[in-house]
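Asks: Fold the following, please.
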Amino acid sequence: MIALSLSLPTFPTDAVRRRRRLDRSRPVVLSRAERGREAVAACCALAARAGVAPGMTMAHARALVRGVHAEPIDDARLALALRRLAEWSLRFVPLASVDGADGLLLDATGCERLYGGVGPLVERLHGAVRRLGLSARLAAAPTFGAAWGLARFAPGERTVVEEAGLLDALRPLPVAALRVQPEIVAALAQVGVETIGDALALPRASLAQRYGGLPLMLDRALGRVPETIDPVRPREPVREERAFDGPTDRAEAVEAAARDLVERAALRLRERGLACRWLAVRLDRSDLPPLVLRVRVSRPTRDAAHLWSLLRPSLERAHLGFGVEGMAAEAGALVRARHEQAACWTRPADGRDDAELARLIDAAAARLGVRGVLRLRPRDSYVPERAFEAVPAIDATGAPPVPSEDDPGALDRPSILHARPRPATATLLAPDGPLVLVRWGGLSARVVACLGPERVEAEWWRDGGIRRDYFAATCDDGRRLWLYRDLDSGGWFVHGEWA
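Replies: The predicted model follows:
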């Protein structure tokens, strides 16, 4: 047997960092309400090195770490994310199970021949988990109990132990590596038993009488008692197929069959209460390799008409060869869909219709490409050029978030921001303003009103510091400019203007 244990020591904060797309250099702390106070529930490695620990108050944590990203912990969402990670791991091993709130147990028996050994399998799986942005420790052993202890208490991040060296590998580990209750660990420590080797030296009869299930956990770790896992069951894919009596190159017949497959797939999604993020239709051509047509949507849908409107242009351009023998449609990236209730009014009360906006984005992305339709997404930065990023609109739909009073987005900012600040010359009445005259781009304007300076500096954890004093200047020609003085070089630049 080849048992793998994947330990994710900072999974709650890693999951939040991945979902929020936070920079790796920004500390993350999750909170939980306990007895009328906000306490730390989990923290990342950066925050832990600064002295943050679970149980302390959030006020204390914020005092220890500057620029921390804090939010309440969502146990249900983390449990779902861990289950999805278990389903994802089935691409490497046939059986996977969720282990508590911070780990997975995997059965890789028979898989070593596919990877050239257990070591390459462990290295490949560990690297794949790390590329997901998760801190991970992975161990392989002949038993699940041994793999669990080695993944959490062995010196390295990757550990492989063969059956011949199992006992020697377990002896130096602490008793907690046997998955026993903390009170048993404390009771053993009182009599000087701190490692598994110390526990093995004790008489077995006394262990059962005094320390409950300790002998059973020892037997499981050593393989004397078999242990099984409760594997996750991956969701059944939504897939519809159709085979023709013979190859056909009639475009109208292929189009009718494809539309029927899309409608049947959408009906299956509705029956199961699901929605999809992409739909793929495969054409099995008689003389050519299969052709796969795939469409993506910006938000999960099960609307057959919308999916068909996206797929039809690609199908019209498809090369059918000497004929199509069969077709298949598959919906992927399935999520649970909210139940919809019929209403008398078709428009939301606020006038927005996110569904219509999503359909517009999907149609434009299908014709122009995913990178051809972009949307600005705000970022946590006071530096103007870092306060937003352009992302595919198909991945960032919905109404933009409403900034709070403490957010950079809540500040008064110009409607036009130049891609590159333009050099300027400014005349001031005093070193800190107000501005009197501005010259830039061959123009000269007298300033009739001025606000500033507003100090803007780069985040302390970023390299390459930025220190600027910004001024909002209203000129006599009606323009309102946003310009700054670089505190390091002393130069003046026009960064934007209000339209």
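
Asks: Now do the buried residues in whichever strand or helix holds Leu78.
Replies: Per DSSP states H and E, Leu78 falls inside helix 75-88. Within helix 75-88, the residues scored as buried using 16 or more other CB atoms under 10 Å are Leu78, Ala81, Leu82, Leu85, Ala86. Backbone N, C-alpha and C define where each C-beta goes, glycine included.

Asks: swap in stretch 142-150?
Replies: In stretch 142-150, counting by 16+ other CB under 10 Å, buried: Pro142, Thr143, Phe144, Gly145, Ala146, Ala147, Trp148, Gly149, Leu150.

Asks: Parallel or antiparallel, which strands does the very next helix or strand once past the helix holding Leu78 pair with?
Replies: Moving toward the C-terminus from helix 75-88, the next helix or strand (DSSP H and E) is strand 95-98. Sheet pairing of strand 95-98 (DSSP bridges) gives strand 103-107 (antiparallel).

Asks: Rounded mean pLDDT for the helix or strand following the strand it pairs with, please.
Replies: Per DSSP H and E, the first helix or strand lying C-terminal to strand 103-107 is helix 112-115. Averaged over helix 112-115, pLDDT sits at 88.

Asks: List the buried residues of helix 112-115.
Replies: Quick answer for helix 112-115 (16+ other CB under 10 Å): Glu112, Tyr115.

Asks: That helix packs against which elements?
Replies: Other elements packing on helix 112-115 under the criterion 3 or more CB pairs under 8 Å, 6 or more residues apart in numbering; DSSP states H and E are helix 118-131.

Asks: Tell me which helix or strand comes right after the helix it packs on.
Replies: Beyond helix 118-131 in the direction of the C-terminus, DSSP H and E gives the next helix or strand as strand 137-141.

Asks: Show me which residues of the longest strand belonging to the chain are buried.
Replies: Ranked by residue count under DSSP state E, the longest strand found in the chain is strand 443-457. The neighbour-count check on strand 443-457 (16+ other CB under 10 Å) flags Ala445, Val447, Cys450, Leu451, Gly452, Pro453, Val456 as buried.

Asks: Lowest pLDDT pick from those residues?
Replies: Comparing pLDDT over these, the lowest score belongs to Gly452 (80).

Asks: Now do the contacts for Leu374.
Replies: Ala390, Val391, Pro392, Ala393 (CB atoms under 8 Å, 6 or more residues apart in numbering).

Asks: Quickly list what it is bridged to.
Replies: Beta-bridge partners of Leu374, counted by DSSP bridges, are Pro392.

Asks: what's the answer for Arg446, then?
Replies: Arg446 has these beta-bridge partners by DSSP bridges: Leu437.

Asks: Quick check: it touching Cys475?
Replies: Yes: the criterion here is CB atoms under 8 Å, and Arg446 meets it with Cys475 at 6.6 Å.

Asks: What is the burial count for Arg204?
Replies: By other CB atoms under 10 Å, the residues close to Arg204 number 12.

Asks: Nearest spatial neighbour of it, chain-adjacent residues omitted?
Replies: By the measure of CB to CB, 6 or more residues apart in numbering, the closest residue to Arg204 outside its immediate chain neighbours is Pro215, 6.0 Å from it.

Asks: can you check Trp440 too?
Replies: Nearest residue to Trp440, sequence neighbours excluded (CB to CB, 6+ apart): Ala424, at 3.6 Å.

Asks: Now do the contacts for that neighbour.
Replies: By CB under 8 Å, 6+ apart, Ala424 lies in contact with Val438, Arg439, Trp440, Gly441, Leu483, Trp492, Phe493, Val494.

Asks: Low-confidence regions, the stretch 301-450 of the chain specifically.
Replies: Counting by pLDDT under 70, the stretch 301-450 of the chain has low-confidence residues at 339-354, 396-411.

Asks: quick one: the helices in it?
Replies: For the stretch 301-450 of the chain, the helices defined by DSSP state H, counting those that start in this stretch occupy 304-316, 354-368.

Asks: which outside residues touch the last one?
Replies: It stands for helix 354-368. Contacts of helix 354-368 (CB under 8 Å, 6+ apart): 295-299, 301, 306, 309-310, 313-314, 372-373, 392-394, 397-399.

Asks: thinking in terms of the whole chain, how far from its middle is that helix?
Replies: Its chain's average C-alpha position is 24 Å from that of helix 354-368, according to CA atoms, centre = their mean, to the nearest Å.

Asks: just to revisit the earlier point, for the residue nearest to Arg204, give me its contacts.
Replies: Residues in contact with Pro215 (CB under 8 Å, 6+ apart) are Arg204, Leu207, Ala208.

Asks: returning to that earlier point: in ChimeraX, how would I select the buried members of the contacts of Ala424?
Replies: Under the burial definition 16+ other CB under 10 Å, those of the contacts of Ala424 that qualify are selected in ChimeraX by:
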select :438,440,483,492,493,494
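
Asks: now, which of the contacts of Ala424 sits nearest Arg17?
Replies: Proximity of the contacts of Ala424 to Arg17 (CB to CB) peaks at Phe493, which lies at 33.7 Å.

Asks: and the closest one, what element?
Replies: strand 492-498.

Asks: Counting by contacts, list what that strand packs against.
Replies: The elements that strand 492-498 packs onto, with contact taken as 3+ CB pairs under 8 Å, 6+ apart, are strand 416-428, strand 480-486.

Asks: Of these, give the one that comes closest to Ala189.
Replies: strand 480-486 (60.3 Å).

Asks: what are the pairing partners of the closest one, and which direction each?
Replies: Strand 480-486 has these partner strands in its sheet, going by DSSP bridges: strand 467-475 (antiparallel), strand 492-498 (antiparallel).
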